[in-house]
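Colleague: got a structure for you, letters missing:
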């Protein structure tokens, strides 16, 4: 069921497996399973087909690069983060290669992460193409933090995952249809 959820979001299972875990949790007297993405203070962002939420404490997720601290890719949520790593377009590959990753888990957390953002000279923002994403970019501009707005790469879509799903559908449409050979029986 959880792998089906990822497939429906067009996210590569191996990429999700590198960063996520299967989490069992309860709400009231009911048990559930979800894809869990850890944050820096021990909580999880939780997703399945029917549920989008988090455990406490809610916080950002920071994945540091092994190659020092120069590139930072910033995402609103972990589904967009996993989507960007799944996309095989050269722009996305180059942007995320040797990058550290900041997954906000709520765009509202961007203001408190200004000191962290200031420590990176090369920032790419993969925020949603909505009011909250635009407001976050404006906040960073007002704080004199320079960044590249990667949302222009998926400007006709709400977010990175919507772009990935659309791209995957377009690829499926372009696949050649090979008729199945007929089973010809001889008498």
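Modeller: It's in. These figures come from a predicted structure and were not determined experimentally.
Colleague: Spatially nearest residue to residue 154, not counting backbone neighbours?
Modeller: Excluding its sequence neighbours, the residue lying closest to residue 154 (CB to CB, 6 or more residues apart in numbering) is residue 163, at 3.6 Å. To be clear about C-beta, it is placed using only N, CA and C from the backbone, and glycine gets the same treatment.
Colleague: which residues does the one you found contact?
Modeller: The contact partners of residue 163, taken as CB atoms under 8 Å, 6 or more residues apart in numbering, are 83, 87, 153, 154, 157.
Colleague: what does residue 56 give?
Modeller: If a contact means CB under 8 Å, 6+ apart, then residue 56 has residue 43 as its contacts.
Colleague: Looking at the contacts of residue 163, which one is closest to residue 50?
Modeller: Distance to residue 50 across the contacts of residue 163 (CB to CB) is lowest for residue 83, with 20.1 Å.
Colleague: Residue 41 against residue 62, yeah?
Modeller: No. Under the criterion of CB atoms under 8 Å, residue 41 is not in contact with residue 62, lying 10.5 Å apart.
Colleague: if you count what's nearby, which of those two comes out ahead?
Modeller: Per other CB atoms under 10 Å, whichever of residue 41 and residue 62 has more neighbours is residue 62, with 14 against 11.
Colleague: Surely residue 80 forms part of a helix?
Modeller: Yes. Membership of residue 80 in a helix is supported by DSSP: H, G, I helix; E, B strand; the rest coil.
Colleague: Can you tell me the SS state at the nearest residue to residue 48 once chain neighbours are set aside?
Modeller: In this structure, residue 48 finds its nearest non-sequential neighbour in residue 34, 4.4 Å apart by CB to CB, 6+ apart. Classification of residue 34 using three-state DSSP returns strand.
Colleague: pLDDT at residue 34, what is it?
Modeller: Note on residue 34: pLDDT of 97.
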